[in-house]
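[1] Need a 3D model of the following:
(chains A and B)
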Protein chains: 2
Amino acid sequence: MQHKPKALFFDVFGTLTDWHSSISQALSARLTPLYGALDYGAMATSWRGRYQPSMEPIRQGDRSFVPLDQLHQENLKHVILAHGLPDLDDNLCRELAMAWRYLTPWPDVVAGLDALRQSFLLAPVSNGNVALMVVLARHAGFHFDMILGAEMAQNYKPMPDVYLRSAALIGLLPEECMMVAAHNDDLQAASALGLKTAFFPRLREYGPNQQTDLCAQGNYDLVADDLLDLAQQLLV
Amino acid sequence: MQHKPKALFFDVFGTLTDWHSSISQALSARLTPLYGALDYGAMATSWRGRYQPSMEPIRQGDRSFVPLDQLHQENLKHVILAHGLPDLDDNLCRELAMAWRYLTPWPDVVAGLDALRQSFLLAPVSNGNVALMVVLARHAGFHFDMILGAEMAQNYKPMPDVYLRSAALIGLLPEECMMVAAHNDDLQAASALGLKTAFFPRLREYGPNQQTDLCAQGNYDLVADDLLDLAQQLLV
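    Numbering: from 1, shown residues only, chains lettered A, B, ... in the order given. Have a look, this model is predicted:
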């Protein structure tokens, strides 16, 4: 890398946090009394499976922007029906959507961010809305300089606006920012816009038997084992 | 106060930082070689004097939103000409405008914010743009959860949008947020929208002989001596 970035932009769901375990546990805790012992890990995967398709009408301009909190609620209702279960009460649905604010970080993340913070501006560039991300950062112990991402651009990754508006808001050129993610589609979109890119895999993001994003599939500026390894490579 | 707020919103220029001393010093350091020994404290006051009038066309809808960095540059050019001095080089003008990113905090602020952070979400709701505020927060040692304020609403305080958009983005009702400022006009605007309000004076914000905002002129939820005193009152 010829010039180091000034700011690091982070994907959050999967890259910094273990949503599959956290959401499986939250579903199990609240729904077992209602529905009995089901495969709540599979339900978490189904819920996340509706994530990308639910954003597509907004990316296409067929629907106005709504924050991820709302998509989470709509998607959960859909999943419950698809599992042939009785409809969820609106309050419980809202409460369960809030579980995305209390995800557990992967074990390398807090120390990795603290190390990187000495030399770089740090911001999430996530599809999560600001209110979600503020609470998640407090819960997980992430110390960011600013919450950037989808809500700032009123659009969802990987649409160009999200990366470009995030860079502009923090006062930097795209090439002064590095997108950090465990997802190839995110990094390919960022790279095409001139941002620097860093990949590390999260082999258990989807639980066991994960099939996607097992390795870097692009010409990234940096490939690491995890966030601590990334910090070690960037801080030399 | 019947219910405590969940988030504290801070005015920054004057309330958290001593802009008059910092800007006087920056002007003196860079302009004395060009213009000789002038009253750079008075020039800092003139520069700040153009602050409110330069936002007025944007508030009125006669001009599209531009970030404060740009207004600072335009206003400095105006002040230089008004002082009968030769026009400033554009690069030097841009460099001097960046001095607003490196203001010195008042001595009670870092400890006050750290104490308040234990119980409240903290965000600046300033007319400063995001890029300015991110650098200022790093420089001054302010640890915020999120940068809110003018740029989020594409308008300037005391327009209602700025307060309401800030509350909405962080996912709270106006009454769950408390505006903290050393300026009565800021607090009166916030109070009219249902935000809680806290005042403390900064008697030397404008240097010696200050005439405005010497005391609370409104029915605020809390009046304190400074930010440490505010923390003590809020954290009981």
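
[2] ok, which stretches of chain A are strands?
    In chain A, the strands defined using DSSP state E lie at A:7-10, A:17-18, A:104-105, A:121-126, A:148-149, A:177-181, A:196-199, A:222-223.

[3] Quick one: residues in contact with the fourth one.
    Which is strand A:121-126. For strand A:121-126, the surrounding residues in contact (C-beta atoms under 8 Å, 6 or more residues apart in numbering or on different chains) are A:6-13, A:16, A:113, A:116, A:133, A:137, A:142-150, A:157, A:162-163, A:166, A:170, A:179, B:134, B:138. For every residue, glycine as well, the C-beta is placed using N, CA and C.

[4] ok, now the second one?
    Residues from elsewhere that reach strand A:17-18 (C-beta under 8 Å, 6+ apart): A:Leu103, A:Thr104, A:Pro105, A:Trp106, A:Val109, A:Leu136, A:Ala140, A:Arg204, A:Glu205.

[5] Selecting buried members of those in PyMOL, what would you type?
    Filtering the contacts of strand A:17-18 down to the buried ones (16 or more other C-beta atoms under 10 Å in any protein chain shown) takes a single PyMOL command:
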select buried, chain A and resi 103+105+106+109+136+140+205
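
[6] and the contacts of strand A:17-18, which two are the farthest apart?
    Farthest apart among those by C-beta to C-beta are A:Leu136 and A:Arg204. That separation is 19.4 Å.

[7] ok, now which ones touch the residue nearest to A:Arg138 when sequence neighbours are not counted?
    Closest residue to A:Arg138 apart from its sequence neighbours, by C-beta to C-beta, 6 or more residues apart in numbering or on different chains: B:Asp145 at 6.7 Å. Residues near B:Asp145 by C-beta under 8 Å, 6+ apart: A:Val134, A:Ala137, A:Arg138, A:Ile147, B:Ala7, B:Leu121, B:Leu122, B:Ala123, B:Ile170.

[8] The last one reaches A:Asn129, doesn't it?
    No: here B:Ile170 does not reach A:Asn129: they are 10.0 Å apart, not a contact under C-beta atoms under 8 Å.

[9] how about stretch A:192-201: buried residues?
    A:Leu193, A:Leu195, A:Lys196, A:Thr197, A:Ala198, A:Phe199, A:Phe200, A:Pro201.

[10] List the contacts of it.
    So stretch A:192-201 is in contact with A:1, A:5, A:8-9, A:160, A:163-164, A:167, A:173-175, A:177-182, A:184, A:187, A:190-191, A:213-216, A:218, A:220-227, A:229-230, A:234, going by C-beta under 8 Å, 6+ apart.

[11] now that stretch: mean pLDDT?
    If you average the pLDDT over stretch A:192-201, you get 98.

[12] try stretch A:37-51
    On average, stretch A:37-51 scores 95.

[13] Distance from that stretch to the middle of the chain?
    17 Å (C-alpha atoms, centre = their mean, to the nearest Å).

[14] how's chain A carved up into domains?
    A:7-18+A:103-234, A:19-101 (automatic domain parsing).

[15] Any chance of a markdown table for these, columns distance to B:Arg48?
    Formatted as a markdown table, those follow (distance: least, C-beta to C-beta, whole Å):
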| stretch | distance to B:Arg48 |
| --- | --- |
| domain A:7-18+A:103-234 | 22 |
| domain A:19-101 | 37 |
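
[16] Let me know which of those is tucked in deepest.
    domain A:7-18+A:103-234 (a mean of 20; mean count of other C-beta atoms under 10 Å in any protein chain shown).

[17] Endpoint to endpoint, it covers what distance?
    Separation of the first and last residues of domain A:7-18+A:103-234 by C-alpha to C-alpha, to the nearest Å is 12 Å.

[18] now stretch A:200-215
    OK, stretch A:200-215 end separation, C-alpha to C-alpha: 8 Å.

[19] Centre of the chain to it, how far?
    14 Å.

[20] Stretch A:192-211 now?
    The chain centre lies 11 Å from the centre of stretch A:192-211; the measure is C-alpha atoms, centre = their mean.

[21] A:Gln210 versus the closest residue to A:Cys215 other than its chain neighbours, what's the distance?
    Leaving out its chain neighbours, the residue that sits closest to A:Cys215 by C-beta to C-beta, 6+ apart is A:Pro201, at 6.2 Å. Applying C-beta to C-beta, to the nearest Å, the value for A:Pro201 to A:Gln210 is 9 Å.

[22] same for the top helix by length along chain A, what does it pack against?
    What stands out as the longest helix in chain A, according to DSSP state H, is helix A:19-35. With contacts defined as 3 or more C-beta pairs under 8 Å, 6 or more residues apart in numbering or on different chains; DSSP states H and E, helix A:19-35 has these neighbours: helix A:40-49, helix A:90-97.

[23] Compare the ones you listed and give me the one nearest A:Ala26.
    For the helices and strands packed on helix A:19-35, proximity to A:Ala26 was assessed by C-beta to C-beta; helix A:90-97 is nearest, at 6.5 Å.

[24] so of the contacts of stretch A:192-201, which ones are in helices?
    Using DSSP H, those in helices are A:Pro160, A:Tyr163, A:Leu164, A:Ala167, A:Asn184, A:Leu187, A:Ala190, A:Ser191, A:Leu227, A:Asp229, A:Leu230, A:Leu234.

[25] and the last one, what does it touch?
    Listed by C-beta under 8 Å, 6+ apart, the contact partners of A:Leu234 are A:Lys4, A:Leu116, A:Ser119, A:Phe120, A:Ala198, A:Leu222.

[26] so how far is chain B from it?
    Distance from A:Leu234 to chain B, counting by C-beta to the nearest C-beta, to the nearest Å: 18 Å.

[27] pLDDT at that residue, what is it?
    A:Leu234 is given a pLDDT of 97.

[28] What is the end-to-end distance of stretch A:199-213?
    End-to-end distance for stretch A:199-213: 10 Å, by C-alpha to C-alpha.

[29] ah, wrong one, I meant stretch A:172-182
    Taking C-alpha to C-alpha, the first and last residues of stretch A:172-182 lie 23 Å apart.

[30] And for it, what's in contact with it?
    A:3, A:5-11, A:14-15, A:125, A:163-164, A:166-167, A:170, A:186-187, A:190-191, A:193-202, A:205, A:213, A:221-222, A:227, A:230, B:131.

[31] Could you pick out which of the contacts of strand A:17-18 are located in helices?
    Reading helices off these with DSSP H, I get A:Val109, A:Leu136, A:Ala140.

[32] and the closest residue in space to A:Leu169 that isn't next to it in sequence, what does it touch?
    Nearest residue to A:Leu169 in three dimensions, chain neighbours excluded: B:Val130, at 4.7 Å (C-beta to C-beta, 6+ apart). Neighbouring residues of B:Val130 by C-beta under 8 Å, 6+ apart: A:Met146, A:Leu169, A:Ile170, A:Gly171, B:Ile147, B:Gly149, B:Glu151, B:Met152.
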